[in-house]
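J.: Here is my input, please return the structure:
(chains A, B, C and D)
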There are 4 protein chains.
Amino acid sequence: MMIPYKQQTLPIEKVFRDPVHNYIHVQHQVILDLINSKEVQRLRRIKQLGTSSFTFHGAEHSRFSHSLGVYEITRRICDIFERNYSLDKVGIGGWNDQERLVALCAALLHDVGHGPYSHTFEHIFHTNHEAITVEIITSPETEVYQILNQVEVGFPEKVASVITKTYPNPQVVQMISSQIDADRMDYLLRDAYYTGTEYGTFDLTRILRVIRPYEGGIAFAMNGMHAVEDYIVSRYQMYVQVYFHPVSRGMEVILEHLLNRAHELYQEDSELFDSNAQLLLPFLKESFTLDEYLKLDDGVLGTYFTQWTEENDPVLSDLAKRFLNRKPLKSATFSGKEDQLIIKKLQQLVEKVGYNPRYYTAINSSYDLPYDFYRPEQGSHRTQIEIVKKDGTLIELSQVSQLVSALAGQQQGDERFYFPKEMVDPTLRNHYDLFEETYQEFSQYIRNGALVNAQS
Amino acid sequence: MMIPYKQQTLPIEKVFRDPVHNYIHVQHQVILDLINSKEVQRLRRIKQLGTSSFTFHGAEHSRFSHSLGVYEITRRICDIFERNYSLDKVGIGGWNDQERLVALCAALLHDVGHGPYSHTFEHIFHTNHEAITVEIITSPETEVYQILNQVEVGFPEKVASVITKTYPNPQVVQMISSQIDADRMDYLLRDAYYTGTEYGTFDLTRILRVIRPYEGGIAFAMNGMHAVEDYIVSRYQMYVQVYFHPVSRGMEVILEHLLNRAHELYQEDSELFDSNAQLLLPFLKESFTLDEYLKLDDGVLGTYFTQWTEENDPVLSDLAKRFLNRKPLKSATFSGKEDQLIIKKLQQLVEKVGYNPRYYTAINSSYDLPYDFYRPEQGSHRTQIEIVKKDGTLIELSQVSQLVSALAGQQQGDERFYFPKEMVDPTLRNHYDLFEETYQEFSQYIRNGALVNAQS
Amino acid sequence: MMIPYKQQTLPIEKVFRDPVHNYIHVQHQVILDLINSKEVQRLRRIKQLGTSSFTFHGAEHSRFSHSLGVYEITRRICDIFERNYSLDKVGIGGWNDQERLVALCAALLHDVGHGPYSHTFEHIFHTNHEAITVEIITSPETEVYQILNQVEVGFPEKVASVITKTYPNPQVVQMISSQIDADRMDYLLRDAYYTGTEYGTFDLTRILRVIRPYEGGIAFAMNGMHAVEDYIVSRYQMYVQVYFHPVSRGMEVILEHLLNRAHELYQEDSELFDSNAQLLLPFLKESFTLDEYLKLDDGVLGTYFTQWTEENDPVLSDLAKRFLNRKPLKSATFSGKEDQLIIKKLQQLVEKVGYNPRYYTAINSSYDLPYDFYRPEQGSHRTQIEIVKKDGTLIELSQVSQLVSALAGQQQGDERFYFPKEMVDPTLRNHYDLFEETYQEFSQYIRNGALVNAQS
Amino acid sequence: MMIPYKQQTLPIEKVFRDPVHNYIHVQHQVILDLINSKEVQRLRRIKQLGTSSFTFHGAEHSRFSHSLGVYEITRRICDIFERNYSLDKVGIGGWNDQERLVALCAALLHDVGHGPYSHTFEHIFHTNHEAITVEIITSPETEVYQILNQVEVGFPEKVASVITKTYPNPQVVQMISSQIDADRMDYLLRDAYYTGTEYGTFDLTRILRVIRPYEGGIAFAMNGMHAVEDYIVSRYQMYVQVYFHPVSRGMEVILEHLLNRAHELYQEDSELFDSNAQLLLPFLKESFTLDEYLKLDDGVLGTYFTQWTEENDPVLSDLAKRFLNRKPLKSATFSGKEDQLIIKKLQQLVEKVGYNPRYYTAINSSYDLPYDFYRPEQGSHRTQIEIVKKDGTLIELSQVSQLVSALAGQQQGDERFYFPKEMVDPTLRNHYDLFEETYQEFSQYIRNGALVNAQS
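T.: Numbers count the residues shown, from 1 in each chain, chains lettered A, B, ... in the order given. The predicted model follows:
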């Protein structure tokens, strides 16, 4: 008799050495097959942190590693739930281990739709990695779909519904997507490991000791409150120190201007990129198939940027060089409306020395980045963190932790004006420069890294 | 008065966060400029471990990170030498800190000539990364040269001579290139960190405590003998466990056959790659400039492989898919001449089921890999490890360490025959396959991962 | 010519392997001699964390290890100050390296007057470890004094004045005693390492990168603000999780009652302890010499406790057993005056089942413990943490960090009522117990670990 | 219905934070009760490494921590065996989980009979910690016995038979006592952690992945051979670097002479120690009960040594001071018979300057220490390490590992002659010393830390 694919476990558990979790343990044939699918393997060619590796040189890890990590944390949570909080032990609110496979698949695949430098790319070309994730999972032509569909009819859609948060079991949904989910726990630990910062390091073992299912999802035991606090602080530190780093954003601004310039040039001359951006063409014309999307990766963009360094358009070739050779725009913080006039003035000065401000200045706000702090009051799209008191009732974390309450109430991040470093750094300019006065004027508007009124 | 460039130190030391060394400390303007040069930045786009990241998914770090690490270890050695063993303290055999800058530059640049998957690429296209390193350092058109040449006339050549080991001061040469040099120490620690193995971890702090200069180069104090032993054992473990891993070699074999096939096809039809391998053309025609070489990186190869998956040539497109989607050839060990007949037989069987053995089988020996064990008796190109006894005389390490003596005498590594996994794994074949008998026959020749005589 | 003792450095720097700082580096003969003095060696026999090791079994490290650690951090701060902020580089507010030796000696000796379980012992016997530290440093009969006095006349008094914070250079004083001093930095890291918690782990390397001297003491660069924040959070976590742990306090309460009982019994019969507490006699009669004090250590108390387990007085022998065999009193939190009545009631019930509440109950407040949070508004005895802005002006940390501001404003810690565990744990009682009803009544007053009104 | 004690598991698993294993997990009431027994708690007062903490100041951990660690590793092995190699899965040679409790108890209790500085103490007073371990487990008056006896009649004897290796199931015996047992694995990792050396660090996770039961005991899968190699190398490094450290042995020699001197003095005058070594009296008279033995600990010895510093016997008081204040004897290596004459000469010189060589010199061989290397050829009392080949047959480790073969064949350790440091260190002598010539003569016999013929 054949064992149904769904239940096929490997004769001997397979492991992948992982620097963050020590080992990734694979027990199901389905999971092994998904890992070996071409759509998942493609994630090896897409960096997890995009332009952050220009600031933290160690952080060159891929979305592939992260996906394995999210899978592994989910697997460990399932193990704990099954051992201590199974339905038959606990009754209502307990864990039903029949849900394990759908949870594991969703964990492994949650980022499978990401493309190169997603945040910026999506902005310019109007793609959407979440929609594509769902498409990869549910389109009959993908290997991922074919594997999932062997499990049972409708299984791909089930997995996709976890991603879209419409899956009926909130425990499964919250494992993959909530304030303390496998996704965030892996990326904080992994990004901390690879950047070499210690801020992101929280005590995963301890969190896993106090995590538990309840009817409405996932909660944490009161005696683990400090472990959860520690996680929130780590997250805060990683955002402020790593994800919002002004230099990484200075590279992202260049990437955005570069792709934007290419997009504009294509609209002027649709044959311009025939020989030096072939795989990008569907996106330049804003009409692409899933198969075309799956051909993109960091290396593809990099290859075209290399070719563009020799293009005639001076903006395109200069921005391509700045990106490849890591020449970020420099920045100063600003705040409020009164600084808008200064920004306008500075843009004029940038133009005066010969740079088109459209491509050589930018306003960038860390609030636009795809990271959010824990803000329980804005209960909109992310769940709250629930703490289980000794008598079994729940209470939202910031109600019991003044530390978290303080962080949750804070406005984090900043807004920055970006401009060419030459404007303020004489060593990058020629000794005899016609615009010396303009540079001097520009510099007067910046003090201690912030815009100031030059008169003051 | 202008401070000579050579002596320009940064007003405040600049640091780069590094997961292996905690911080990379930069004190000279020259070093900062070199790091920011485009030739060095290019190393961000070339993986340190090539196909090993297919086996150890965490090991996605670049040659850029490694270059910073080698620089940092060299800097620390210089600090120690200057503090404890300066020429004026120690006399003959002491360290002359005037050598510091040449040592630091050579350390940072020692791998600057590497291209994508160097080992394989060089094999097919007859490039040579060491020669190109020297060329980058000494060619007036590179940014690296221009920076070095500001230090003083002839300085680029000085730095290059450290790489070629013709620099007169053996201490400087051995810092960069000897049995325990900054290069190896960084790559062992870094590769261990990123693969997540603990084998490569030796006690760098302790090694640095016992390293010292002498007239003939660099030696180690007797009381640190066990730290040096530990380093040798770590190195052995990393070679056996990581660098010689059969799966990584199974991917390298595919890469080699793929590039080889492209090379052959180009010779048949020189226009075939005009639109899908533009930056590779100079190498296909085996005539390239330095500028063309510097345009290559891992992503460029990957982009063309993606395009080749849709080429007409079935071998080219199939091998490209196998590489991108990580489908390594499988292998079995063999030894000696008697197995040559078996290999011939197996190649016939592979051919019988439809694979051209030229592209789907291979013989791969770990001895060909660019890693060497410590073999003091073969005093040829690498130096010996010298231990300083209490009375100041030197003795070669394996004379005092039985552990090292045992490892040094051993023949490490293995020879493997590679073939398509389908030959032995029925789950990869169709249920009804015409060649079932051939597969059966093939399988008889392999037992416990080694070739055996089918009759036996 | 003789080199003055003050300037005698070791021909080769001596190191001690240390799990927290990797190596402790000793460069001065004075420091090596102090470490080898009998007063410092005595610290090996006194646990750093007292009764906390009953909760965290790994935390068995001594005040000796901690003293070396404080010395090492101070040494590193001096190195940084000398390299980057020396008087001749920086002018006023710079570091005068002539201060190094006095700083190092004070760091090493800052805890030399501690006795066994100081906090409790001092409470009962009215000793004072700070006064004794000064006495050890300045009394001609100690080895410590004799070593310091060789440096120069008046040097012991100089070192002592750093301890008493009357030394004129505030940089030296603040190295040893301020909100972020070498003392706290070492104990947080060391206690975290030995307990195995990760909360106390902050980034020492980063703190040392941003620490700097100024005229009024020691400050931190603005760009290191987050490292300082992280330190404050670690400290908070260690207090709440480790130092205030209710079980450790439950052991401390037993120790206090035990010593108190011995004290009382001695007052009744001064010959009682002649043969089983010889070295304690001077303290029981509250008249002791320095020499007698220096004979005390954890093992001496433990030895007498072992002997007391066979004494006739049932309270003395029972409490001694409870301490040696780790039977802590249990506790419940309470707050405010309204709980005083409940406590009175509970003490009556404890008495009813046969325990004298004087020895078997206690009120213990974490506020009495020798740890203080960062409370800048109470600028009394500890300094504030000053941050140096880019323009060189100073600002107090909680003014720029909402996280610290939140923690600084919080009331931490708790008050607890301690009682015999038997009162609430039936497994510790006989099956048939006359007082079952009393136990039941007692239990009604405790819910979720806190006192409650039984009626409610 | 009552659940039998044997099967009582805790409603919620209890954990102890442990720096080496992260958490110690306790699931059985029996284990929790054993940990809380007074005989096990006593181990908190006995250092794991004895005099080694005088050399490695961080290594102050107790036998209590180690006992918990051995328990935890055993628990993990049982979990793995139960999950993957249970009797019903594997058949003969599989693991019977009924054996778990006896294995866990034996693991926790394997060292419960240790006293203070066992190795030396036993030598002088003819106690035997293994016999006492058995006695504690099987004597009705101990708490340990009473707990074990509740499990089932005869259970204490069963546990004891694991310690004495007469228990019929070799898997259980080898978990606690074999070449790679839970005992050694814990002490190597723990001693490495606490000393701060990195040598002892091997990959426990990987070892646990490849460990498996077979009919004759415990073996390791071939694909984990390198993990086992690594363990053997770590063990070698720890012996050579930590356990055989000459300074620790120099302290042990002093301890031995001190206890020996006390023993002799007692034989001369049996009342001498009435008031300053009460708990030691039974041992001085060589007639002690188990209860008396259980009163001993490191602190008891230390207390008496403190009292002895003021005794009249100059040897007793001087050696006590040397021990408390860490003044080790110094040493030189020697080898073979020809050095016996030199030693005799040196002893005469030591005597000439006033030291009795019986108490101030010693011959100490690392071969006498209770650590043994892996020596498969001496298959006597310890088992061999068996590797499971792919076809299921076993092969002894050194047959497949040249590294291990090299280490196994080596003669490790050394023999040393110990003498007062004053003999060779002028800074410890008076400026004007009558015996200067004798010291000079003495010094001629020592070169590079070894005895040499003075004439040569």
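J.: got the contact list for the nearest residue to A:Ala182 once chain neighbours are set aside?
T.: Spatial nearest neighbour of A:Ala182, excluding adjacent residues (CB to CB, 6 or more residues apart in numbering or on different chains): A:Ile73 at 3.9 Å. Every C-beta, even on glycine, is put in place using the N, C-alpha and C of the backbone. By CB atoms under 8 Å, 6 or more residues apart in numbering or on different chains, the contact set of A:Ile73 is A:His21, A:Ala107, A:Ala182, A:Met185, A:Asp186, A:Leu204.
J.: Got the confidence number for A:Cys105?
T.: Looking at A:Cys105, its pLDDT stands at 98.
J.: Need the distance between the two termini of stretch A:28-44.
T.: One end of stretch A:28-44 to the other measures 22 Å (CA to CA, to the nearest Å).
J.: do that stretch and chain D meet?
T.: No - applying CB under 8 Å from any CB of the partner chain, one finds stretch A:28-44 separated from chain D by no less than 15.8 Å.
J.: What lies in contact with the helix or strand of chain A with the lowest mean pLDDT?
T.: Ranking every helix and strand in chain A by mean pLDDT, DSSP states H and E puts helix A:402-409 at the bottom, with a mean of 79. The contact list for helix A:402-409 (CB under 8 Å, 6+ apart) reads A:228-229, A:232-233, A:236, A:373-377, A:397-399, C:233, C:236, C:402-403, C:405-407, C:410.
J.: got the angle for that helix vs helix C:402-409?
T.: Interaxial angle, helix A:402-409 versus helix C:402-409 (axes from the mean of the first three to the mean of the last three CA atoms, to 10 degrees): 140 degrees.
J.: If we go by neighbour counts, what in helix A:402-409 is buried?
T.: A:Gln402, A:Leu403, A:Val404, A:Ser405, A:Ala406, A:Leu407, A:Ala408 (16 or more other CB atoms under 10 Å in any protein chain shown).
J.: Work out the gap between it and the centre of the chain.
T.: 24 Å (CA atoms, centre = their mean, to the nearest Å).
J.: got the CA coordinates for that helix in PDB?
T.: Coordinates of each C-alpha in helix A:402-409 appear next as PDB, following Å, rounded to 0.1, in the frame of the first residue of the first chain:
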ATOM      1  CA  GLN A 402       5.900  49.900  31.100                       C
ATOM      2  CA  LEU A 403       8.900  49.400  28.900                       C
ATOM      3  CA  VAL A 404       6.800  48.200  26.000                       C
ATOM      4  CA  SER A 405       4.200  50.900  26.700                       C
ATOM      5  CA  ALA A 406       6.900  53.500  26.400                       C
ATOM      6  CA  LEU A 407       8.200  52.100  23.100                       C
ATOM      7  CA  ALA A 408       4.800  51.600  21.700                       C
ATOM      8  CA  GLY A 409       3.900  55.200  22.300                       C
END
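J.: re the thing from before, helix or strand for the residue nearest to A:Ala182, which one?
T.: Here A:Ile73, judged by DSSP states H and E, is contained in helix A:63-84.
J.: now that helix: mean pLDDT?
T.: 96.
J.: Report the buried residues of that helix.
T.: With burial defined by 16+ other CB under 10 Å, the residues of helix A:63-84 counted as buried are A:63-78, A:80-82, A:84.
J.: Now A:Glu13, what are its backbone angles?
T.: phi -50, psi 130 (degrees, to the nearest 10).
J.: any idea how far it is from chain D?
T.: 8 Å (CB to the nearest CB, to the nearest Å).
J.: Residue of the stretch 251-400 of chain A closest to chain D, please.
T.: Nearest residue of the stretch 251-400 of chain A to chain D: A:Lys390, at 12.0 Å (CB to the nearest CB).
J.: Quick one: classify that residue as helix, strand or coil.
T.: coil (DSSP: H, G, I helix; E, B strand; the rest coil).
J.: Excluding residues flanking it in the chain, which one is nearest it?
T.: C:Asn448 (4.3 Å).
J.: separation between that neighbour and C:Asn36?
T.: 53 Å (CB to CB, to the nearest Å).
J.: In which helix or strand does the residue of chain A found nearest chain B reside?
T.: Nearest to chain B in chain A, going by CB to the nearest CB, is A:Gly299, at a distance of 2.4 Å. Element membership for A:Gly299 (DSSP H and E) is helix A:298-308.
J.: now do A:Tyr418
T.: Going by DSSP H and E, A:Tyr418 is part of strand A:415-419.
J.: So which residues make contact with that strand?
T.: Here strand A:415-419 makes contact (CB under 8 Å, 6+ apart) with A:246, A:249-250, A:253, A:329-335, A:339, A:343, A:346, A:350, A:360-367, A:442, A:451.
J.: Buried subset of those residues as a PyMOL selection?
T.: Under the burial definition 16+ other CB under 10 Å, those of those that qualify are selected in PyMOL by:
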select buried, chain A and resi 246+249+250+253+329+330+331+332+334+339+343+346+350+360+361+362+363+364+366+442+451
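J.: Would you mind listing what in the stretch 201-350 of chain A touches chain D?
T.: A:Thr205, A:Arg209.
J.: Going by residue numbers, what spans are helices in the stretch 151-300 of chain A?
T.: Using DSSP state H, counting those that start in this stretch, the helices of the stretch 151-300 of chain A run over A:155-163, A:170-176, A:182-195, A:204-210, A:225-238, A:246-268, A:281-284, A:290-293, A:298-308.
J.: Is it correct that A:Glu130 falls within a strand?
T.: No - assessed by three-state DSSP, A:Glu130 does not belong to a strand; its assignment is helix.
J.: what about it, neighbour count?
T.: 15 (other CB atoms under 10 Å in any protein chain shown).
J.: Can you report how many residues lie near the closest residue to A:Asp313 other than its chain neighbours?
T.: Leaving out its chain neighbours, the residue that sits closest to A:Asp313 by CB to CB, 6+ apart is A:Leu265, at 5.9 Å. A:Leu265: 19 surrounding residues under other CB under 10 Å.
J.: can you check A:Leu394 too?
T.: 13.
J.: Isn't it up against A:Phe220?
T.: No - A:Leu394 lies out of contact with A:Phe220 (CB atoms under 8 Å); the separation is 9.8 Å.
J.: Pull up the overlap in contacts between those two.
T.: Common neighbours of A:Leu394 and A:Phe220 (CB under 8 Å, 6+ apart) are A:Glu386, A:Ile387, A:Val388.
J.: Among those, which one has the most neighbours?
T.: Ranked by neighbour count (other CB under 10 Å), the shared contacts of A:Leu394 and A:Phe220 have A:Ile387 at the top, with 23 neighbours.
J.: outside of the helix or strand containing that one, which residues touch it?
T.: Per DSSP H and E, A:Ile387 falls inside strand A:386-388. Applying CB under 8 Å, 6+ apart, the external contacts of strand A:386-388 come out as A:212, A:214, A:216-222, A:225, A:228, A:394-397, A:400.
J.: Next: stretch A:86-98.
T.: So stretch A:86-98 is contacted by A:Cys78, A:Phe81, A:Glu82, A:Tyr85, A:Asn169, A:Gln171, A:Pro213, A:Tyr214, A:Glu215 (CB under 8 Å, 6+ apart).
J.: how near is the third one to chain D?
T.: With the distance defined as CB to the nearest CB, A:Glu82 ends up 13 Å from chain D.
J.: cool, and the fifth one?
T.: Spatial separation of A:Asn169 from chain D under the definition CB to the nearest CB is 25 Å.
J.: do the last one as well
T.: In this structure, A:Glu215 and chain D are 20 Å apart, going by CB to the nearest CB.
J.: That residue: what's it in contact with?
T.: A:Ile92, A:Gly93.
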